[in-house]
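Engineer: Quick one, fold the following:
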Amino acid sequence: MLIEIIKTIILGIVEGFTEFLPISSTGHLYLANEFVKLNESKAFIDMFMVVIQFGAILAVILIYFNKLNPFSPKKTKKEKNQTWQIWFKVIVAIIPAAVIGLPLNDWMEQNLTSWQVISATLLIYGILFIVVENYFNGKQSKVNDLNDLSYMTALGIGLFQVLSLIPGTSRSGATILGGISIGTSRFVATEFSFFLAIPTMFGASLLRIGSYFHKGLGFTGDQVIILLVGVVVSFIVAYASIKFLLNYIKKNDFKAFGWYRIVLALIVIAYFGFIKG
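Structural biologist: Down below sits the predicted model:
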């Protein structure tokens, strides 16, 4: 059991570190699982890889609790209204992914979770980050404050989030890239991406657990411990990762993440296509 806990800690670190950086947590977990594979059934591992995201969700909620709490007594009536507006925009933005993702969830899991798809999306979006950053370099953003984000812009970012349904794309990567492309600043795009993660990832976790139990499966005591450890580690590391990203983008663009994705794509191709293959 100790070995399984160590593996879980490693996977939790990978998930927490990569979930909110635009580098694809799925791609990293897929690669990590090759070397630290849990001694559990495929059904449990597939469910585990999604549910440990819950820790990352809690990290966002903790960091932004006051900003996202419309009932805070410390806020003025105007500030409470602005908070409600943020939530309404988040709801609008998650509609496209819910409408398209729910019916296709099982099909995509069965047909798109492969090293070929993951390496391709890592590579494509890595190049896009570099191209988009070069194109918008020196140009003034249209939206520099989250409260100025329109519902149409929120919906546009939500449409970009649909792209993240393909493994290896990165939910944060797609939404941040989308936000920058349609006129938001890096900081606004990043924060809105964090907020979109709350209902999106929470829903994905519930859906995966529901599907797991629907198949007549359950948890052993060891599996409960594995899940709890994964969630806790993911929470701690995601908290640090979010803080890092918020400080990083104040002075830097996303091109470094683009180059990182390209290198990772080549590593995935080399390992699965030549070494393992």
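Engineer: Report the separation between Val231 and Phe254.
Structural biologist: 28 Å (Cβ to Cβ, to the nearest Å). For glycine as for every other residue, the C-beta is placed from the backbone atoms N, C-alpha and C.
Engineer: May I ask which helix or strand encompasses the residue nearest to Lys74 when sequence neighbours are not counted?
Structural biologist: By the measure of Cβ to Cβ, 6 or more residues apart in numbering, the closest residue to Lys74 outside its immediate chain neighbours is Asn66, 7.2 Å from it. Take DSSP states H and E as the rule and Asn66 turns out to sit in helix 65-68.
Engineer: Just the buried positions in that helix, please.
Structural biologist: Applying a neighbour-count criterion of 16 or more other Cβ atoms under 10 Å, one finds Leu68 buried in helix 65-68.
Engineer: Does anything pack onto that helix? Which helices or strands?
Structural biologist: On a contact count with 3 or more Cβ pairs under 8 Å, 6 or more residues apart in numbering; DSSP states H and E, helix 65-68 meets helix 77-111.
Engineer: where does the stretch 151-277 of the chain dip in pLDDT?
Structural biologist: Scanning the stretch 151-277 of the chain for pLDDT under 70 picks out 277.
Engineer: 90 - rerun?
Structural biologist: Residue ranges of the stretch 151-277 of the chain with pLDDT under 90: 165, 167, 201-208, 210-212, 214-218, 273-277.
Engineer: how about the helices of it, start to end?
Structural biologist: For the stretch 151-277 of the chain, applying DSSP state H, counting those that start in this stretch gives helices covering 151-163, 171-181, 186-214, 221-248, 255-268.
Engineer: Deepest in the core, which of those is it.
Structural biologist: Stretch with highest mean neighbour count among the helices of the stretch 151-277 of the chain: helix 171-181 (a mean of 26; mean count of other Cβ atoms under 10 Å).
Engineer: can you put the helices of the stretch 151-277 of the chain in a markdown table and add distance to Trp115?
Structural biologist: Below are these laid out as a markdown table (distance: least, Cβ to Cβ, whole Å):
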| stretch | distance to Trp115 |
| --- | --- |
| helix 151-163 | 19 |
| helix 171-181 | 18 |
| helix 186-214 | 21 |
| helix 221-248 | 23 |
| helix 255-268 | 6 |
